[in-house]
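**Student:** Whatever this is, show me its structure:
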Amino acid sequence: LEGQALDTFCECVMTCQQSCASANRTFGFAFTGCVFAFWYLITQYIACWVVKERPPPAEGHRRTAPLVPSMLNTLKNPAFTTLLPAWAFDAVAGAVFLSLCPYYVMYVIAPEYQNEG
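**Tutor:** As a prediction, this is how the structure comes out:
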């Protein structure tokens, strides 16, 4: 009878430790979310109320340039052509990371097997 009570106590302690760890993770995610929300609100306030918009030109709005010549002028810009490969590699790296995340969680972390000892 004493061995069974000890086993029950040990199971209870393990369950409580898992619950506390889960609650700590939940609190951590909630705190991080609150920090990001606060940061978002501050930056949006600055963007909307502190940064002033340019006044429109006195002579009125200019006619916009056609699309194709504007794009060709963009490709003639040396700063743009220098940064374009970096932006492309950054986009590919982000896409690879985001597309592999579900497989990493499914096969490496394997959350469906976390409760098994």
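**Student:** where along the chain do the helices fall?
**Tutor:** For the chain, the helices defined by DSSP state H cover 2-45, 67-75, 78-104.
**Student:** could those helices be laid out in a markdown table, adding mean pLDDT?
**Tutor:** Written out in a markdown table, the entries for the helices of the chain read as follows (pLDDT from 0 to 100):
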| stretch | mean pLDDT |
| --- | --- |
| helix 2-45 | 78 |
| helix 67-75 | 91 |
| helix 78-104 | 92 |
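**Student:** First residue to last residue on stretch 48-68, what's the distance there?
**Tutor:** Terminal residues of stretch 48-68 lie 33 Å apart, using C-alpha to C-alpha, to the nearest Å.
**Student:** Can you report phi and psi for residue 77?
**Tutor:** The phi/psi pair for residue 77 (degrees, to the nearest 10) reads phi -70, psi 120.
**Student:** can you pull the pLDDT of it?
**Tutor:** pLDDT recorded at residue 77 is 91.
**Student:** so who does it touch?
**Tutor:** Listed by C-beta atoms under 8 Å, 6 or more residues apart in numbering, residue 77 has no contact partners. In this view, the C-beta of every residue, glycine as well, is placed from N, C-alpha and C.
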